[in-house]
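[1] Sequence and predicted structure below; questions after.
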Amino acid sequence: MIYRDAKTATKDIDAVVMHSQDLISLIKALKSLGYHEVKELPGDYQKLGASVVLRNNDDFQCDIFYRQVCNNLIVTNGMIKRAEFLGSFGKIDIYLISSEDVFLFKSITERESDLDDMRMLIEKGLNWSVVSNECKSQDKKKIWETFLLSKLEELKNRFGIVTPIYKDIKKTAEDEMIKDMFLSIIKDGKALKEIVGYVKKNLKYSESWTRKELEKLVKEDIIIVEDKTFRPIILSSTASK
């Protein structure tokens, strides 16, 4: 963000490495420059899931991640292609992740300062289709759209910023939650009567709504009907927990 004139200062550097040997080499190099590993971190930093956090005597910090950020948001091939080459420094090549991908990473943290950073990134200009498409393409270990949606709502409430992807992300988040809900209900196989009864009792939705949603999931090849029993074809990791 500093290199793109989106902010003037930072208290740490976030670095992602894509190979385990690079992780080892980078940690070794930083320690040779006087950095030491930080074991005790605030709760919001622990949730970022850094492989290692290093700090020097001036309290400047390097958060180093291996292939993923915030415990499961993966650095994809698309992110790598969008990254901007900054330069070669000895044996290390450094790339700046795109502003759109920085925005997405910051949308799933709980740090208060990241909302301000998201606002500044919007002011500098974003390709919103990139943000939306990358969010949707991420591995569905979690419903990342719900995280992004929450931050988009905060941006609206705090700064009056209405983003062009809000409605689309909200619809996708709702669809993903409904899908995971049904996969959770029928993970061992359920008859229509059982599903309708469960949904009506616990979620207060009508039989017609349940039938419509089940039909959509069958058409999308998410679930299948065998001997009048609904079963999942693809069981999402969220539903299987």
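    On my side now, so go ahead. Residues are numbered from 1 along each chain as shown.

[2] So this protein: which segments form each domain?
    12-159, 174-240 (automatic domain parsing).

[3] All the strands of this structure, residue numbers only.
    Taking DSSP state E, the strands of the chain run over residues 12-17, 36-37, 52-55, 61-66, 68-69, 73-74, 84-89, 92-96, 190-191, 223-226, 229-232.

[4] now the last one: how far from the chain's centre is it?
    What it means is strand 229-232. Averaging C-alpha positions (C-alpha atoms, centre = their mean, to the nearest Å) puts strand 229-232 29 Å from its chain's average.

[5] Give me the buried positions along that strand.
    Within strand 229-232, the residues scored as buried using 16 or more other C-beta atoms under 10 Å are 230-232. All C-beta spots, glycine's among them, are computed from the backbone N, C-alpha and C.

[6] pLDDT below threshold where in this structure?
    Residues of the chain meeting the criterion pLDDT under 70: 41-49, 71, 234-241.

[7] Okay, the closest residue to S20 other than its chain neighbours and D101: tell me how far apart.
    In this structure, S20 finds its nearest non-sequential neighbour in Y66, 7.0 Å apart by C-beta to C-beta, 6 or more residues apart in numbering. For Y66, the distance to D101 equals 17 Å [C-beta to C-beta, to the nearest Å].

[8] of these two, who's got more company?
    D101 (22 against 17; other C-beta atoms under 10 Å).

[9] That one contacts N133, doesn't it?
    No - in this structure D101 lies outside contact range of N133 using C-beta atoms under 8 Å: 11.1 Å.

[10] Now do the buried residues in the longest helix along the chain.
    The residue-count maximum for a helix in the chain (DSSP state H) belongs to helix 166-185. Buried residues in helix 166-185, counted by 16+ other C-beta under 10 Å: 166, 168-170, 172-173, 175-176, 178-183, 185.

[11] Stretch 80-95 too?
    Those would be 82-83, for stretch 80-95 by 16+ other C-beta under 10 Å.

[12] got the contact list for that stretch?
    Defining contact as C-beta atoms under 8 Å, 6 or more residues apart in numbering, one finds that stretch 80-95 is touched by 3, 18, 25-26, 29, 96-98, 100-101, 130.

[13] Closest one to L73 out of those residues, please.
    Closest approach between these and L73, by C-beta to C-beta: D101, at 9.6 Å.
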